[in-house]
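> following is a predicted model, sequence given first.
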Amino acid sequence: MRDRIVLAAICMLLLIACNGNENSADTPTASPIPSATITPLPSPTETIAPPPSATVEPTAAPTELVQVGPDNFPSQVSPFTGLQASDPYWLDRRPLAVKIQIFPRGQRPVMGASFADIVYDYYQNNGMTRFHAIFYSQNAEEVGPIRSARLLDAELMNMYKTALAFGGADWRILKRFTEQGLTDRLIREAPGNCPPMCRIDPNGYNLLVTNTTELTNYVVAKGIGNDRQPINGMYFDPNPPPGGLPGTQIYVRYSISAYNRWDYDPTSGSYLRFQDAQESSSNGENEAYAPMVDKLTGAQLTAKNVVILAAAHGYAYQSRTGSSEIIEINLDGTGQAYAIRDGLFYEVTWNRPAKDSVLYLTFSDGSLYPFKPGNTWFQVVGETTQTTNPFENVWRIVFGFP
């Protein structure tokens, strides 16, 4: 077995929507988090160089998969996927982000996640994770179930220049949005704004959902700047770089409740997403998985790229009993990461040199790591996360906190 390191005004903010204060309704029963004992990564640093220049600077939209990025993207190519958009009109707008819940299990499947260019899956609190899905080159007729925001969402809004649709937030989180000048880009459920934020009631669940076309219309009507944003940083190459280790099955375990798996499908060149189907034991021996599907398509969620980001985690707030907590995740500077594509597993470094920098990856020599053209799922884990390679092509990532 091989071990690797993965690694002002508050009053204005008290516009609480139906789930604005989530200490009770939105906080699941606390679940134990697996402990890890590996040496933590060095603290991130904010003094790093901008993305290295790539040698390819296309000036026209490619008709086939080619190298593209990290800047000078053709006008018809998404800087989040390296692919030509089916309707380039949608690239002349601000990207949209939506918070999607995956717990409780009974309210699955999710809706619309397969249409996102980028998805972040990260630890929210009390043993659970949630999706931050970014829509740009495609639209989805229905996205949800929408739930509340967390502190990391502010950082992702800065990175990807998005407007964020969410269902509410603790006042401390709303305060962070205000401090970072993001308030005008927040879209919440409120009287008179359906569309874009509407309720549906399948099986009596009263779920909050949105439509990304209607979200864009709302952004325009609200007066939010909706011009094409300056987005650079990701580099794409259809050919995998040399030096990768076999990586056709990736397990990511956050807690006894939240765990997932990615299986490589060589026919499609994609990784298939499987999700926890039951509570597991603390050592993970009785983990059970089910395909995670998109209700809109009925198809299993897939990713061309899966990236594991190791970042410092800590408590921004924790109640005396521990039943309520707000997690701070630091994605400033640099950190260790693993990138998985084409059945291969690479050790890389994530980079975010400025608040508004799109996160990109580099090799140890500083050269850019190439994403495979297509969508990317980021799994954010702690610096004390344990990574093992129990079989030649299998990797297991066990979340460590902090």
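Okay, I see it.

> any stretches of this structure with poor pLDDT?
Counting by pLDDT under 70, the chain has low-confidence residues at 1-63, 204.

> change it to 90
1-65, 86, 104, 106-107, 189-193, 200-206, 283-285, 319-323, 402 (pLDDT under 90).

> got the contact list for the residue positioned nearest the centre of it?
The centroid of the chain falls nearest to residue 120 when counting by C-alpha atoms, centre = their mean (0.7 Å). By C-beta atoms under 8 Å, 6 or more residues apart in numbering, residue 120 lies in contact with 131, 132, 133, 134, 152, 156, 377, 378, 380. No exception for glycine: its C-beta is placed from N, CA and C like everyone else's.

> quick check: bridge partners of it?
Applying DSSP bridges to residue 120 gives these bridge partners: residue 132, residue 378.

> what separation is there between it and residue 391?
Using C-beta to C-beta, to the nearest Å, one gets 28 Å for the distance from residue 120 to residue 391.

> can you show me the helices along the chain?
Using DSSP state H, the helices of the chain run over residues 151-160, 171-179, 212-222.

> correct me, but residue 67 touches residue 372?
No: applying C-beta atoms under 8 Å as the test, residue 67 and residue 372 come out as separate, 11.4 Å apart.

> ok, back up a step: got TSV for the contacts of residue 120, with distance to residue 277 and neighbour count too?
Shown next, in TSV, are those (distance: C-beta to C-beta, whole Å; neighbours: other C-beta atoms under 10 Å):
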residue	distance to residue 277	neighbour count
131	18	23
132	23	28
133	22	25
134	27	24
152	26	24
156	28	21
377	19	26
378	23	21
380	22	26
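
> of those residues, which is the nearest to residue 95?
Nearest to residue 95 out of the contacts of residue 120 is residue 134 (C-beta to C-beta; 5.7 Å).

> ok, that closest one - contacts?
80, 95, 96, 97, 116, 117, 118, 119, 120, 156, 160, 162.

> could you find the closest non-adjacent residue to the first one?
Computed as C-beta to C-beta, 6 or more residues apart in numbering, the closest residue to residue 80 that is not its neighbour in sequence is residue 117, at 3.8 Å.

> just the helices of the chain: most buried one?
Most buried of the helices of the chain by mean neighbour count (mean count of other C-beta atoms under 10 Å) is helix 151-160; its value is a mean of 22.

> related to what we said a few turns ago, quick one: the residue nearest to the centre of the chain and residue 100, what's the gap?
For residue 120 relative to residue 100 (C-beta to C-beta), the value is 10 Å.

> also residue 250?
From residue 250 to residue 100 the distance is 21 Å (C-beta to C-beta).

> what does residue 354 give?
Applying C-beta to C-beta to residue 354 and residue 100 gives a distance of 27 Å.

> okay, the two: which has more neighbours?
Neighbour count, other C-beta atoms under 10 Å: between residue 354 and residue 100, residue 100 has more, with 24 against 13.

> just to revisit the earlier point, any common contacting residues for residue 67 and residue 372?
236, 237, 238.

> hang on, the last one packs against residue 65?
Yes: with contact defined as C-beta under 8 Å, residue 238 counts as touching residue 65 (3.8 Å).

> any common contacting residues for those two?
residue 373.

> check contacts around residue 329.
122, 123, 151, 152, 155, 311, 312, 313, 380.

> same question, residue 208
Residue 208 neighbours (C-beta under 8 Å, 6+ apart): 18, 144, 145, 146, 147, 167, 189, 197, 198, 199.

> so it bridges to which residues?
residue 199.

> any idea how far it is from residue 258?
21 Å.

> per-domain residue ranges of the chain.
As assigned by automatic domain parsing, the chain contains the domains 82-222, 245-398.

> next, format these as CSV and append distance to residue 231.
Below are the domains of the chain laid out as CSV (distance: least, C-beta to C-beta, whole Å):
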stretch, distance to residue 231
domain 82-222, 6
domain 245-398, 6
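
> to residue 228, which of these lies closest?
Across these, closest to residue 228 is domain 82-222 (C-beta to C-beta), at 5.0 Å.

> any idea how far the closest one is from the middle of the chain?
11 Å (C-alpha atoms, centre = their mean, to the nearest Å).

> ok, now stretch 320-340?
Taking mean C-alpha positions (C-alpha atoms, centre = their mean), stretch 320-340 and its chain are 12 Å apart.

> so for that stretch, what gets flagged as buried?
Within stretch 320-340, the residues scored as buried using 16 or more other C-beta atoms under 10 Å are 324-340.

> what segments of the stretch 201-350 of the chain are strands?
Remark: strands assigned in the stretch 201-350 of the chain by DSSP state E, counting those that start in this stretch are 207-209, 245-246, 249-253, 259-265, 270-276, 289-291, 302-303, 305-318, 325-330, 333-341, 344-352.

> export the ones you listed to a markdown table and tack on distance to residue 72?
Below are these laid out as a markdown table (distance: least, C-beta to C-beta, whole Å):
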| stretch | distance to residue 72 |
| --- | --- |
| strand 207-209 | 37 |
| strand 245-246 | 32 |
| strand 249-253 | 32 |
| strand 259-265 | 31 |
| strand 270-276 | 27 |
| strand 289-291 | 38 |
| strand 302-303 | 26 |
| strand 305-318 | 21 |
| strand 325-330 | 30 |
| strand 333-341 | 23 |
| strand 344-352 | 19 |
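
> who has more neighbours, residue 67 and residue 372?
Ranked by neighbour count (other C-beta under 10 Å), residue 67 and residue 372 place residue 372 first, with 24 against 18.
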